[in-house]
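**Q** Return a 3D structure for these sequence lines:
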Amino acid sequence: MNAHQHRGTDQPADRRDELPVPASSNLDADRFRILREHFMAEIVNDERRTSPAPRVFRTRPRPVLAGLAAAAALAVGAAVLLAGAVPAATPEPGRRPAGTSVAASRLAVVPLGAASSDDVSGQLERISLVAARSSAEGGRYSYRRTQYAFAVPVREQTMPGEGPMEMQPMVRREIWVEQRRFNGKGLIIDNGRQEEYDQGDVDYRHRYEELATLPTGPDKLLKAIYADPETKEGDGTTRQQRAFDTIGTLLEQEVLPPALGAALYRTVARIPGVTIVDRSQDAAGREGIAVAREDKGARTEWIFDRTTLEYLGRRKVQTEDTRWLKKGMLLATTAVLDRAMVDKLGARP
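**A** As a prediction, the model looks like this:
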């Protein structure tokens, strides 16, 4: 959830476009989501006070699964916060300057499961019943243990899909997010490296207690999702895909109240174009079925254990051949290994 609200016509232009684009970033979806709110606070402070309609969802699934286009600008903001200055644009190991000749994307080609629109509502209802039995309860920190990898352009200053792509190394992460509206303290452990961070002085609206206040009726919830500015500004080519992405990010990145988790699956059943895929695999190698939707020649899959219907993770796969990408190429993959609410920073369930 982004801290800023929808801008009126009399508000100043979004100054994110004025930021230089760095060559690379070591930051990812979790830090973008948290640090972006902090960085944008000064720019959008007046907007938050004057806008009449708050955002229901403020999730930006970048760079994992929803595209990498916005990551560069957000990384500049995070770099300003962490280091006080924008770093020099030096090539990352393995990245090539623009104009360098590369024959094709170096991405794994994975088997594509068969997608069907039969019994989508029934399968989502069964998944929702499992989500409703979740034991998640409120606590001082949300905790998640995950692993993920995503593809980026090989060439610098190239948008995804406009040149060859390559997969980044797998990240194994634990993250604790304090459930405070302002000035929370969090902890990230990436591949064994530990770092505490400030969550910023912007209202943090992904708190468990606030998520618990959202409507759980599918029609009302879907209406709220469609109306939310974050959905309207998403990467999908249709509002249905943008709503699917918004819900998917909540399912992936948050510890959800059981009633809301169940409601989100029932809400997805009302989005046209959703299918059930008979086989998929998460970043940890666990196999299952998937709830999926295709957009722009790629398919986003939410993966569930075939027997228990527990959520496993997400992946994005190419479904059409293009100049740079081949059908079946893996574009992003995640696995959610554990998540819960805990009472102490660094505590595990």
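**Q** Now for residue 312, which secondary structure element holds it?
**A** Residue 312 belongs to strand 311-318 when assigned by DSSP states H and E.
**Q** Next secondary structure after that strand?
**A** Taking DSSP H and E, what comes next after strand 311-318 is strand 330-342.
**Q** same for the strand holding residue 312, what does it pack against?
**A** The contact analysis (3 or more C-beta pairs under 8 Å, 6 or more residues apart in numbering; DSSP states H and E) places strand 311-318 against helix 239-253, strand 298-305, strand 330-342. (Each C-beta comes from the backbone N, C-alpha and C, glycine too.)
**Q** CA atoms only: put the longest one into CSV for me.
**A** Output for helix 239-253, consisting of C-alpha atoms alone and laid out as CSV, is shown next (Å, rounded to 0.1, in the frame of the first residue of the first chain):
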residue,chain,number,x,y,z
ARG,A,239,-8.3,-3.4,-15.0
GLN,A,240,-9.0,-7.1,-14.5
GLN,A,241,-5.3,-7.9,-14.7
ARG,A,242,-4.4,-5.0,-12.4
ALA,A,243,-7.0,-6.2,-9.9
PHE,A,244,-5.6,-9.7,-10.1
ASP,A,245,-2.1,-8.4,-9.5
THR,A,246,-3.2,-6.3,-6.5
ILE,A,247,-4.8,-9.3,-4.8
GLY,A,248,-1.8,-11.5,-5.7
THR,A,249,0.6,-9.2,-4.0
LEU,A,250,-1.5,-9.1,-0.8
LEU,A,251,-1.7,-12.9,-0.8
GLU,A,252,2.1,-13.1,-1.3
GLN,A,253,3.5,-10.4,0.8
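**Q** Please identify the most buried of the helices and strands packed on strand 311-318.
**A** Comparing the helices and strands packed on strand 311-318 by mean neighbour count (mean count of other C-beta atoms under 10 Å), strand 298-305 ranks first with a mean of 24.
**Q** In contact with residue 226, which residues?
**A** With contact taken as C-beta atoms under 8 Å, 6 or more residues apart in numbering, residue 226 is in contact with 239, 243.
**Q** Let me know the pLDDT of it.
**A** Confidence at residue 226, expressed as pLDDT, is 93.
**Q** quick one: secondary structure of it?
**A** helix (DSSP: H, G, I helix; E, B strand; the rest coil).
**Q** In CSV, list the helices and strands packed on strand 311-318 along with distance to residue 221.
**A** Output for the helices and strands packed on strand 311-318, formatted as CSV (distance: least, C-beta to C-beta, whole Å):
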stretch, distance to residue 221
helix 239-253, 9
strand 298-305, 17
strand 330-342, 21
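**Q** Just put those in TSV and tack on distance to residue 278 and mean pLDDT.
**A** Output for the helices and strands packed on strand 311-318, formatted as TSV (distance: least, C-beta to C-beta, whole Å; pLDDT from 0 to 100):
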stretch	distance to residue 278	mean pLDDT
helix 239-253	19	94
strand 298-305	11	98
strand 330-342	18	97
